[in-house]
Structure formats: C-alpha cells, structure tokens
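In: With the input below, show me the fold.
(2 chains)
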Amino acid sequence: MIDDKALVSQVLSGDRQAFRLLIKQNERLVGHMIARLIDRHEDREELCQDVFLKVYEKLGEFTFQSKLSTWIATIAYRHGINHLRKRKILISDLPEEESKMERFIAIDDASESLANQQLDDMVLQLIEKLPPQYKAILTLYHVQEMSYPEIVEITGLPEGTVKNYLFRARQLLKEKVKQYLGKEEVL
Amino acid sequence: MKHEEELQDQIEQGLRNPDSEDALAYQRVFNSLKKEPDFHVSLPFADRIVALIEKKEDRKDYWWIAAGIFLSVIALIVALALTKVNWTTGAFTFISEYYGLVLFGIAFILMLQWVDKKVIRKQLNLR
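Out: Sure, this is the predicted structure:
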C-alpha cells in the first residue's frame, strides 16, 4: 500500500489516478461519518462528494502532523456538523439529567414495533436517535477503531468530553437493550 | 458511575464474561456498535469527483486565458502608444509580406497546446 506522503505528493503533482486511489482508500470512512451524522439519505452522497472536493482543494495545506485518514475524517466531521448547523439541528443536546436522557431515546411502542426486529437493528435505531456528536464519536471509536487522541483531533472536543460522551451513549444503549432483553425473556 | 465505567472497560477488553444482566446487555451493545452504517457511495463515485475537478479546473483555465488575452491587448496598446511605432519597418514589414506563414505559426502553436491539454495530459492521468 502506498504511504500517505507519496500519495499526497502524486495528487499534488496532478496525478488523477492517485486521487482516485485516495478516494477509494477513504470513501468508507467518509461515508460512515456522514451517514451517522446526516439522517437524510438524499443528502449523504452529495456531502461525501463535497468532502472529497474540499480534500482536493486543501491537500496542499496538509502538514503530515497526523495520518491522512484522520485529517480527511476531520474535514468530513466538520462538513457534516456545518451542514447540520445550517439546518439548525442541535449537535450535542443530550440532557444532563438521567431521566431526561432516557426519554431522549425512548421508544414508545417498543413491545410492538421491536418484537420481530433483531437486537442489532434496535441498537442501530437507537444510535440514530442520539445527538450527532455522540453518533460521530461512537462511529469513530467502534467502527473505525480510532484512538482517543485521533477522535479529539477530528472532533475538536477535549478528551474528557469524548470519553464522557462515549460512556453516556453506551450506558443509554445498555439500559434500552437490558429493557428489551427483559421483555424478550418474559415473552 | 465508577462501577459502570469499569464494567464497560472489562466487557470491551473481553476481561469479563457476561455474568449479569448489565454485562450481557453491554456485550450485545458492543457487538452492535461494531456494525457499519448502512450506506455506501455509488460505484463511479471516484470517477465523478475527478470529472468535477477537471471541469472546475477547465473553467479556471478559461478565465486565465481570457485574463491573459485581455492584459496582452492592454500591454500592446500601451506599448504602441508609448513607442510611437513606425508600421513600415522591421518585423511589421515581414508580417505584411508573409502573413500566411505568421498565421500558420500561430495556428500551429494553438493546436499543439490543445493536443497537449486534451490528449497527452489526459493519457498521463489515466495511467
């Protein structure tokens, strides 16, 4: 696999094939980030496209202080967040109180609508209901398997906040899963 | 809170079996969290982006050409005005006598530029 420096230098010298390779290497990362942040399916592909156009435009400014994929994820994250801000969607509005937090992702007709669904689907549904920053952090940590320093760089949030969001999101999901498993046992 | 944190860490690192309701629920959550979001970009995604970039750069090139021609004309006018040029001497006599050759030269240079841009550079980028 070609290393970041060689790839960037080829793209900067005008090699289109190298840029195609850069896109292919990072399209899943960008796709996952955008898909988790943006709920409107019709916006997702266009946003991914915008991210790579921005990557091409700004590639000359990349200083190799981090991995190329981390830098690209930062652009994708900021682009997604800016898109949500334009649509006036709150980015990290999970209430502090436990009771309100529970309500945030409550499923009213859980017993009915979830009866025939897989647990994975239910968790993914619950993740969709979390605030965008929580979703982004869960994706970076669990799907992309990024480290805390990388997530800090991408999101611009302090490490303590990243850890706290991760902890709270997982705890919320655990409570809902526990509730679901309890119901399943009764049935 | 401390207990929950420890439990999350232990389950995540596989240091603990799901020996309680909480531990089992966490294990199921961690398994589900590893699932990728159900979204994939369309197949010609990279090609489409490269096409967009080329289109953008072509447009930029045309602006530079237009600006270059405009500035050349201005420079020519200024030069002619400042030098009080005599149209019957030197290079001007040559141009008037061999205007066909001069036109061919200009057309040839423009054609070479076009071939370089549209054929040669494109071929290099496809490799």
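In: Around chain A, pick out the residues from chain B.
Out: Within chain B, the positions adjacent to chain A are B:4-5, B:8, B:21-22, B:24-26, B:28-42, B:45-50, B:52-54, B:121, B:125-127 by Cβ under 8 Å from any Cβ of the partner chain. Yep, even glycine has a C-beta here, placed from its N, CA and C like the rest.
In: Recalculate using a threshold of 7 Å.
Out: Contacts of chain B with chain A, taken as Cβ under 7 Å from any Cβ of the partner chain, map to B:4-5, B:8, B:21-22, B:24-26, B:28-29, B:32-37, B:39-42, B:45-46, B:49-50, B:52-53, B:125-127.
In: So B:Thr88, which state does it fall into?
Out: Following DSSP: H, G, I helix; E, B strand; the rest coil, B:Thr88 is assigned to coil.
In: Let me know how buried it is, in neighbour terms.
Out: The number of residues packed near B:Thr88 is 8, by other Cβ atoms under 10 Å in any protein chain shown.
In: Against B:Val102, how distant is it?
Out: Going from B:Thr88 to B:Val102 by Cβ to Cβ, to the nearest Å gives 17 Å.
In: Can you flag the buried ones in the residues of chain B next to chain A?
Out: Neighbour counting over the residues of chain B next to chain A (16 or more other Cβ atoms under 10 Å in any protein chain shown) leaves B:8, B:22, B:24-26, B:28-29, B:32-33, B:36-37, B:39, B:41, B:45-46, B:49-50, B:53, B:125 as the buried ones.
In: Could you list the low-confidence segments of chain A?
Out: Along chain A, segments meeting pLDDT under 70 span A:1, A:90-118, A:183-187.
In: Show me which residues of it are close to chain B?
Out: A:15-17, A:19-20, A:23-24, A:27, A:31-32, A:35-36, A:44-45, A:48-49, A:52-53, A:56, A:119-120, A:123-124, A:138-139, A:142-143, A:167, A:170-171, A:173-174, A:177-178, A:181.
In: Could you give me the ChimeraX syntax to select whichever of the residues you listed are buried?
Out: To isolate the buried members of the residues of chain A next to chain B in ChimeraX, using 16+ other Cβ under 10 Å:
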select /A:15,16,19,20,23,27,31,32,35,36,44,45,48,49,52,56,119,123,124,138,139,142,143,170,171,173,174,177,178
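In: picking up where we left off before, which of the buried ones among the residues of chain B next to chain A fall within helices?
Out: B:8, B:22, B:24-26, B:28-29, B:32-33, B:45-46, B:49-50, B:53, B:125 (DSSP state H).
In: Could you find the closest non-adjacent residue to A:Leu130?
Out: In this structure, A:Leu130 finds its nearest non-sequential neighbour in A:Ala169, 5.8 Å apart by Cβ to Cβ, 6 or more residues apart in numbering or on different chains.
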